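> Below: sequence and its predicted model.
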Amino acid sequence: MHRRLLYSASMADHEHEHPTQPTESVHDHHQDGPEVATAVLNTLDAQGLRMTGPRKALVAALVDKRAAFTAEDMVQAVPEVGRATVFRTIKLLVDSGLVCRLSQVDGRPLYSLSHQGHHHHALCQRCGAVLDIYRCGIDTMLENIELSTGARVLGHRLEVFVLCANCVAAGG
């Protein structure tokens, strides 16, 4: 299994603090439904962002994905929305904390819907499922890095590459 720990100088590119944190330690994006699209659109509206037809179409398509997606996946999923609009909207959703930017094993970007609270990701290498991990236990390691290097950790990102329970059950 591949494991990679990525440190980031800014938490804004990935990690988003929200007022509440889910009670479960893992969230499976396969369980997302249409209410998620409404919540995303309501959040954008509350942030004062216009609710355009292309944005609504893109949000509906990404909620339907229920797995990690690339910007190119969204271009193909919503052909009526211009390519530049897709890329700008994904960036807007990342900047708004509604979508997380992930990295594949080879470093290429993937995206997934964000859920509340500080979390990390496990990304299924077979089906693309994204599991949000809320209890990572990395705090001690970050403290040790600060103590041993004299540096101050400004942010972090942990991505674990896995075969999800569904893929394991299917013979993985």
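Arrived safely, thanks for sending. A quick note: this is a predicted structure, and the numbers were derived from the prediction, not measured.
> pLDDT wise, what is the residue nearest to the spatial centre of the chain at?
Centroid-nearest residue in the chain: residue 100, 2.8 Å away (criterion: Cα atoms, centre = their mean). On pLDDT, residue 100 comes in at 85.
> Equivalent analysis for residue 10, please.
pLDDT at residue 10 comes out at 30.
> gap between the residue nearest to the centre of the chain and residue 69?
11 Å (Cβ to Cβ, to the nearest Å). (Glycine included, C-beta is placed from N, CA and C.)
> For this protein, which segments count as helices?
Counting by DSSP state H, one finds helices in the chain at the ranges 34-46, 53-65, 71-77, 83-95, 139-149, 165-169.
> what does the fifth one contact?
In this case it means helix 139-149. 151-153, 156 (Cβ atoms under 8 Å, 6 or more residues apart in numbering).
> looking only at pLDDT, what's the mean for it?
Helix 139-149 comes out at a mean pLDDT of 92.
> Then the second one?
Averaging pLDDT along helix 53-65 yields 86.
> How about exporting that helix as CSV, limited to the C-alpha atoms?
What follows is helix 53-65, C-alpha atoms only, in CSV (Å, rounded to 0.1, in the frame of the first residue of the first chain):
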residue,chain,number,x,y,z
GLY,A,53,-27.3,27.6,-14.3
PRO,A,54,-23.8,26.3,-15.2
ARG,A,55,-22.9,26.2,-11.5
LYS,A,56,-26.1,24.3,-10.6
ALA,A,57,-25.5,21.8,-13.4
LEU,A,58,-21.8,21.3,-12.3
VAL,A,59,-22.8,20.8,-8.6
ALA,A,60,-25.4,18.3,-9.6
ALA,A,61,-22.9,16.4,-11.7
LEU,A,62,-20.2,16.3,-9.1
VAL,A,63,-22.7,15.1,-6.4
ASP,A,64,-23.7,12.3,-8.8
LYS,A,65,-20.1,11.2,-9.1
